[in-house]
Each structure stands twice: as C-alpha cells, then as structure tokens.
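K.L.:
Can you look at this prediction? I've put the sequence above it.
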Amino acid sequence: MEIGLSTASYFNKMQIEDAVLDIGAHGVRLCEVFLNTFSEYEPSFVDLLAERLIESNLRVFSVHPMSMQYEPQLFSIHPRQRADALKLYERVLSAGKRLGASCYVMHGPARLFGGVKNIELIRIAPILVDLTALAADYGIQLTLENVSWCIFNEPEFGVRLRDITGGSIRHTLDIKQALRSGYEPEDYIRAIGEQIVNVHLCDATKLPAGGVKYVMPGFGGCDFTEMFRLLSEKGYNGPAFVEVYSDMYSDLSQLYESLSLVRQMADRSEEKQ
C-alpha cells in the first residue's frame, strides 16, 4: 500500500502551493490536495498548483474541497441553491482533472444539532448517483467520506446506501472521524469495505475519563497493521494518506516521522498476507 500525505496536514501552516513543494522535497510521491477556498478553485491558481506539482515530482490521487462552502447545497430542495452549488462542484472537478486526480472526497450534507431537514437517504441517494455520474465525466470517482457531523456518520448508513444504489457509491474512510462517531475504523471496513477506495490516517489514545485524544499516526492505539490487513481482505488496493489537524504537531519533522512509521506498518501488513 502506498502511503501519501494530504496537504490538509499543512492547514494554516503553509500555503498549498508551497506545501506541495515541501512534500516533494521530503521524498513523498503521492498526495491528496485539500483546496481551502474559492480562489483556489480558479483556473489560474490551479495552473500554478499543477506547475508546482510537476516541480515536486508529486502525483495527486484525490482532491478535497472545503466542504461546507457548497456541498450541503448540492442536496438542497431549492433549485437555485443546487444550481449554484453544481457550478462550484464542476469547478472543483475541473481542477481535479487538471491536477491529475482520480478521486473526489465529499462530506455531503451536515447533521449539525440534528436539526437539518430534507436529508433522508431515500432523497439523498439519487442525488449522490447523479453527482457520481457527473464526476465520472471528468474522469474522477466521487467518494463519500464518513464524517461524524455529516450524513455518513455510522457504518449502517453505508450499508443502506449500498443497498439502495447497488454499490455505485464509493467511500473515503477517515480514521479520526470514525472514532469521533463512536466506532472503530474496522467497523466501517467490515460493513462497506468493498466500497472504500481512499483512506485518511490519524491516530488516537483513549482517555481515562472516556473519549479520545487525537495524535499523530503511529503514536496512538490504532493497530494500522491489522487495519491494512482487513482492508486487503476486502479487496482494497488503493493508497492511504496521513491527514491530521495541523495543531497536532509542532514541527514538520514530526509529520514525516509519523509518515515513516505508517509506511513500516503497511509493509508489515503486506508481509503477513
């Protein structure tokens, strides 16, 4: 399994166009590009980023926008909201195609405070199918990520979505969001492992009073070797990306130490197969 790095791990520490240079300088050859805001969807900026990626000898697997900027409106019952959101969605898809991405990471509708209306699965599923088809026109696979505060926040949702859509919707597995939702990453893998095509890596330690503290991958209690083995059993052959909050480390050396540890665990997992 190839282990890469998400530019989200540099959030507010280094601009994305500089982050890809730093990632490449550390010998990493695969990344996920996290586009932070509307100006980073613009063709002129995307062209600059594409040039920096070539300079860095860095390939892009997935593109991940700042979801709350327009993704909830993709599922709105208001036609003008949906139309405007679709324009932004296509702008990001176009950016992803320009950067060579094969995957789009989506959060989808939020469940904030449990008061959001009109996010019933029977209505949402056909929209996801349509959005998947639109992404395919750009050569990109849409993936719905498990997120604690969004519609896909429990394994059972993934099972029901698979049953309704015939398995046409793929997923990004996010470790920290699985834990935040009260589940183990393995719960999602067992439920919908065949639909997972992308993985976001984080780690955590259990707190005595309950809950978890998020830590850099390789420094917590997550058994990545076993998790990678289970993914392989489900037929997974994609990459995984260290995607952490930038306040989880104080020095970039810690980020790359974590990356090295995860690579070692991925290698051990392959040896056990």
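P.N.:
Nice, thanks for sending it over. Residues are numbered from 1 along each chain as shown.
K.L.:
Going by C-alpha atoms from here, please, whenever you check contacts or count neighbours.
P.N.:
Fine.
K.L.:
So which residues of the stretch 101-250 of the chain form helices?
P.N.:
Taking DSSP state H, counting those that start in this stretch to define them, one finds helices in the stretch 101-250 of the chain at 121-137, 155-165, 175-180, 185-192, 224-233.
K.L.:
So the closest residue in space to Ile119 that isn't next to it in sequence versus Glu17, what's the distance?
P.N.:
Nearest-residue entry for Ile119: Pro109, 7.0 Å, with adjacent residues in sequence omitted and distances by CA to CA, 6 or more residues apart in numbering. In this view, Pro109 and Glu17 are 29 Å apart by CA to CA, to the nearest Å.
K.L.:
cool, Glu271 as well?
P.N.:
36 Å.
K.L.:
hang on, the earlier thing: in terms of contact, does the residue nearest to Ile119 touch Glu71 like I think?
P.N.:
Yes: assessed by CA atoms under 8 Å, Pro109 is found in contact with Glu71 at 6.8 Å.
K.L.:
which one of those two has more residues nearby?
P.N.:
Between Pro109 and Glu71, Pro109 has the larger neighbour count (other CA atoms under 10 Å), namely 24 against 21.
K.L.:
which parts of stretch 27-46 are buried?
P.N.:
By 16 or more other CA atoms under 10 Å, the buried positions in stretch 27-46 come out as 28-36, 40-41, 46.
K.L.:
quick one: contacts for the residue nearest to Ile119?
P.N.:
71-73, 75, 119, 150-151 (CA atoms under 8 Å, 6 or more residues apart in numbering).
K.L.:
how does it look with 6 Å?
P.N.:
72, 150-151 (CA atoms under 6 Å, 6 or more residues apart in numbering).
K.L.:
Give me the pLDDT for it.
P.N.:
pLDDT, Pro109: 89.
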